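S.K.: Provided below for reference: sequence and predicted model.
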Amino acid sequence: MSTSQIAFLKGHGTENDFVIVPDPDNTIDLPVSVVARLCDRRAGIGGDGLLHAVRSAAHPEAQAMAGEAEWFMDYRNADGSIAEMCGNGVRVFAGYLQRAGHAEEGDLAVATRGGVKKVHIAKDGEITVSMGRALLPGDGVTVSLGGRSWDARNVNMGNPHAVAFVEDLAHAGDLLSVPPYSPAAVYPEGVNIEFVVDRGPRHVAMRVHERGSGETRSCGTGACAVAVAAARRDGADPSETGTPVTYTVDLPGGTLVITERPDGEIEMTGPAVIVAEGLIDSAWLETESA
């Protein structure tokens, strides 16, 4: 870890918040322990995750995508672990790139561990991310909490999700720890678990436990997984009907609009807000990296 000061920004997408570390040339070492401390809400800056902004050509995991996307979102969970994708994170990442002069209003490509994501920055500031196609593995799990059990649908959005439709969001408990599910072998690397209730026609509300972060105010890939699971539950499959399906998904931190298209592509639209920017104190870095 370099002892020089490191620039950072703080941003959020429907209150899913992130520490952003600009590092075009991939020169900043961010070990697990430092990422976790940066995301600590009392001892650090605070965030549900960290967005390490690197040019694709400069990162070994993204070099193969450099021809499609100039920038790589090296995403870390709040505990410092590496994650494949974060939907809200991509919107905030795009918002940062626009603020920094690396992107303009219109279309943009962002490299992630879940592949290259197409982004559109609208005039009103809303950002739409093409999230790719959902995979629907046949094996699901049973989630159990407080004496209740629900069958949860297995949806993969580049990261794994288990979607459970419940009668009341309060039934999900405090979501501080991972809700018990079985069989555990379905998700060998852990899973994001969504609890969902209906609000109206093609309108649902959800809470989520994100692996590595606990309950978060919003989860973009989770909202996409929920919309797909709700559509299938409601008998809607755009690949069969040829008609797009749109769901409004309310999260504790705001609202996202999810559209699944006949070709399977899923688009997520919502806000991205950059709250602040500054410098991480070099003495704190030396202490934390010692």
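M.R.: In hand now; what should we look at?
S.K.: go ahead and confirm residue 197 touches residue 170.
M.R.: No: if you go by Cβ atoms under 8 Å, residue 197 and residue 170 don't touch, sitting 9.8 Å apart. Bear in mind the C-beta positions are built from the backbone N, C-alpha and C, glycine included.
S.K.: more neighbours: which of the two?
M.R.: Between residue 197 and residue 170, residue 197 has the larger neighbour count (other Cβ atoms under 10 Å), namely 17 against 12.
S.K.: how near is the more buried one to residue 119?
M.R.: 30 Å (Cβ to Cβ, to the nearest Å).
S.K.: again, but for residue 167
M.R.: Using Cβ to Cβ, we find residue 167 at a distance of 36 Å from residue 119.
S.K.: between those two, tell me which one has more neighbours.
M.R.: Taking neighbours as other Cβ under 10 Å, residue 167 and residue 119 compare with residue 119 leading, 23 against 10.
S.K.: pull the CA atoms of stretch 179-198 into PDB?
M.R.: Extracted C-alpha coordinates of stretch 179-198, given in PDB (Å, rounded to 0.1, in the frame of the first residue of the first chain):
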ATOM      1  CA  PRO A 179     -30.900 -16.200   6.300                       C
ATOM      2  CA  PRO A 180     -30.700 -20.000   6.600                       C
ATOM      3  CA  TYR A 181     -31.300 -21.900   3.400                       C
ATOM      4  CA  SER A 182     -31.000 -25.400   2.200                       C
ATOM      5  CA  PRO A 183     -29.600 -27.300   0.400                       C
ATOM      6  CA  ALA A 184     -26.500 -25.200   0.800                       C
ATOM      7  CA  ALA A 185     -24.700 -26.900  -2.100                       C
ATOM      8  CA  VAL A 186     -26.900 -25.000  -4.600                       C
ATOM      9  CA  TYR A 187     -24.900 -21.900  -3.800                       C
ATOM     10  CA  PRO A 188     -21.300 -23.000  -3.000                       C
ATOM     11  CA  GLU A 189     -20.000 -19.400  -3.000                       C
ATOM     12  CA  GLY A 190     -22.900 -17.900  -1.100                       C
ATOM     13  CA  VAL A 191     -25.900 -16.100  -2.400                       C
ATOM     14  CA  ASN A 192     -27.900 -12.800  -2.300                       C
ATOM     15  CA  ILE A 193     -31.300 -13.500  -0.800                       C
ATOM     16  CA  GLU A 194     -34.400 -11.300  -1.800                       C
ATOM     17  CA  PHE A 195     -37.700 -11.200   0.100                       C
ATOM     18  CA  VAL A 196     -40.500  -9.900  -2.100                       C
ATOM     19  CA  VAL A 197     -44.100  -8.700  -1.600                       C
ATOM     20  CA  ASP A 198     -46.600  -7.500  -4.200                       C
END
